[in-house]
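Student: What follows is a predicted structure for the sequence shown.
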Amino acid sequence: MNDFAGIIPALYRDSMERLSSEVLSKTGAAIIVATVPSTEGQDPDKYANHLFNAWGIGKKGEDRGVLLFLALKERRVRIVTGYGLEGLLPDDLVGSILDNHVLPDLRRGAYGPGFLKGMKALAGIIAKDAGVTLSME
């Protein structure tokens with residue numbers, strides 16, 4: 001959890017960190033959330049891709065990582081998927097997760113619930129594929 005924009009309440013941050021940790025330990029996949037106040041004129045999509053690569057999300061060589069990214073000022077949210085999860089999380093499914101689980105809450109300014117719901121949707125797909133059960137609180 002990297003809430004550089006300071007918009008996710010502690011209760012949700014804690015839940016997201018627990019879920020991320022559980023997914024990583026049970027499946028080897030990393031789900032990371034990052035918010036920034038602004039991309040300072042950079043294209044938000046390129047910024048998100050740069051963060052994903054710079055942070056090395058997902059084990060090197062396996063690339064089983066997902067980044068949920070929000071640029072607050074630009075009002076852009078994006079899910080970046082590592083190569084190791086692209087078959088499991090194709091663009092149309094990722095778009096559906098954003099539309100149905102994340103954006104409704106984000107539009108109301110409820111960033112914590114929106115990102116937690118998005119993480120849970122992603123985690124559920126990853127866990128099912130790995131044949132594991134998550135507590136998902």
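Tutor: All right, it came through fine.
Student: Tell me which residues touch Ala29, please.
Tutor: For Ala29, the contacting residues are Val23, Gly58, Arg64, Gly65, Val66, Gly84, Leu85, Ile126, Ala130, by CB atoms under 8 Å, 6 or more residues apart in numbering. Bear in mind the C-beta positions are built from the backbone N, C-alpha and C, glycine included.
Student: now Arg78
Tutor: Arg78 makes contact with Pro44, Asp45, Ala48, Leu67, Leu68, Phe69, Leu70, according to CB under 8 Å, 6+ apart.
Student: Let's see the pLDDT reported for the residue nearest to the fifth one when sequence neighbours are not counted.
Tutor: The one in question is Leu68. Nearest residue to Leu68, sequence neighbours excluded (CB to CB, 6 or more residues apart in numbering): Val33, at 4.7 Å. At Val33 the predicted local distance difference test score is 97.
Student: Val33 belongs to a helix?
Tutor: No: with the criterion set as DSSP: H, G, I helix; E, B strand; the rest coil, the secondary structure at Val33 is strand rather than a helix.
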